[in-house]
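K.L.:
Structural data only, the sequence is not supplied:
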Ligand code: 13P
Ligand code: SF4
């Protein structure tokens, strides 16, 4: 006789918040959420953070189940660090244009063309690319990590060309850049942003280093999502034009309720500054993922083991 698969539940409870909290206890689960998630998900999460903070939490947690409210490469990192834990992602389609812009076969050819270079990869890449890298970095530690590499050692930086260019400028290093980019951070209009600053002369522009150089050159402060959040809490200014995914504004408003946060405008009059992948996760899908214990992140063990090494190096060097 074949065992019949457990039916997948699709019914939603009336009080999703209460039901998710119950499931958290029942499963001994932790919910980790990125700042780009919708406000309800941020509000129910046990930890909200940037990519570095989230991977540190994933490395340290003693929960049995990790519910990752973020995109695929983030949940994959949690699985690489926790092979024996169940890692759930509310929507498996929550990918990343930046990770997709670096296919492993082409990247291998790029590496082969620079045989004496080491590879530092931004965490926004697939497990296969991590497995081909020497060190992983995030937007909050990239400069610090590159500065720790001996000056005569050539470095390939992948996959984000904008972060790579920014790190090269900050460190004075000649990095060989893979030409990947993020659809969200490429969408901001320099002209509209400058016009916005003219009508709001007291506002400071704060930007994520994944933005294009023509946007970054106007920024009063550049940093990871956590750094941007801390900056506007500590700044004596009361108005900020925020050039990153606007999901973070939820935490900014909570941290500094008397300050004003204006999302940097996109080139077309669209909502393309919202990450379409991050926004695939919803509170409903998060509940169903916990209830059904699926969709689960899995990967080949050889890739996981190879990808773990450069992640561990990052955690040690951070
Ligand atoms: P951080 O979480 O490092 O700020 O990066 C933002 C991002 O684009 C994540 O996909
Ligand atoms: Fe990827 Fe950009 Fe979305 Fe971040 S914001 S997950 S880099 S597509």
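P.N.:
Yep, that arrived. Note that the coordinates shown come from a computational prediction; the quantities given were computed from them, not determined experimentally. Ligands and ions are numbered 1, 2, ... in the order given.
K.L.:
Pull out the buried residues from the longest helix anywhere in the chain.
P.N.:
For the chain, the longest helix by residue count, based on DSSP state H, is helix 301-317. Within helix 301-317, the residues scored as buried using 16 or more other C-beta atoms under 10 Å are 303, 304, 306, 307, 308, 309, 310, 311, 313, 314, 315. C-beta coordinates here come from the backbone N, C-alpha and C atoms, glycine included.
K.L.:
what about it and ligand 1, touching?
P.N.:
No - applying C-beta under 6 Å from any ligand atom, one finds helix 301-317 separated from ligand 1 by no less than 12.0 Å.
K.L.:
Residues touching that helix, excluding its own?
P.N.:
By C-beta atoms under 8 Å, 6 or more residues apart in numbering, the residues outside helix 301-317 that reach it are 55-56, 59, 77, 79-81, 83, 121, 123, 127-128, 130-138, 141, 144-145, 148.
K.L.:
Show me where the stretch 1-150 of the chain dips below the pLDDT cut-off.
P.N.:
Scanning the stretch 1-150 of the chain for pLDDT under 70 picks out 1-5.
K.L.:
Now for whichever residue of the stretch 201-318 of the chain sits closest to ligand 2: which residues touch it?
P.N.:
In the stretch 201-318 of the chain, the residue that lies nearest ligand 2 is residue 275 (3.4 Å; C-beta to the nearest ligand atom). Residues near residue 275 by C-beta under 8 Å, 6+ apart: 36, 71, 184, 245, 247.
K.L.:
Out of these, the closest to residue 10 would be?
P.N.:
Distance to residue 10 across those (C-beta to C-beta) is lowest for residue 71, with 23.4 Å.
K.L.:
can I assume the closest one is in contact with residue 97?
P.N.:
No - shown here, residue 71 and residue 97 do not form a contact pair, counting by C-beta atoms under 8 Å, at 10.0 Å.
K.L.:
who touches both of these two?
P.N.:
Listed as contacting both residue 71 and residue 97 by C-beta under 8 Å, 6+ apart are residue 277.
K.L.:
neighbour-wise, which of the two wins?
P.N.:
Shown here are residue 71 and residue 97; by other C-beta atoms under 10 Å, residue 71 has more neighbours (26 against 17).
K.L.:
and that one, how far is that from residue 54?
P.N.:
Distance of residue 71 to residue 54, computed by C-beta to C-beta, to the nearest Å: 11 Å.
K.L.:
Mutual contacts of the two, please.
P.N.:
Taking C-beta under 8 Å, 6+ apart as the criterion, residue 71 and residue 54 both touch residue 34.
K.L.:
Show the contacting residues for the residue nearest to the spatial centre of the chain.
P.N.:
Note on the chain: the residue nearest the mean C-alpha position is residue 51, at 4.6 Å, using C-alpha atoms, centre = their mean. Neighbouring residues of residue 51 by C-beta under 8 Å, 6+ apart: 34, 74, 123, 124, 138, 139, 140, 224.
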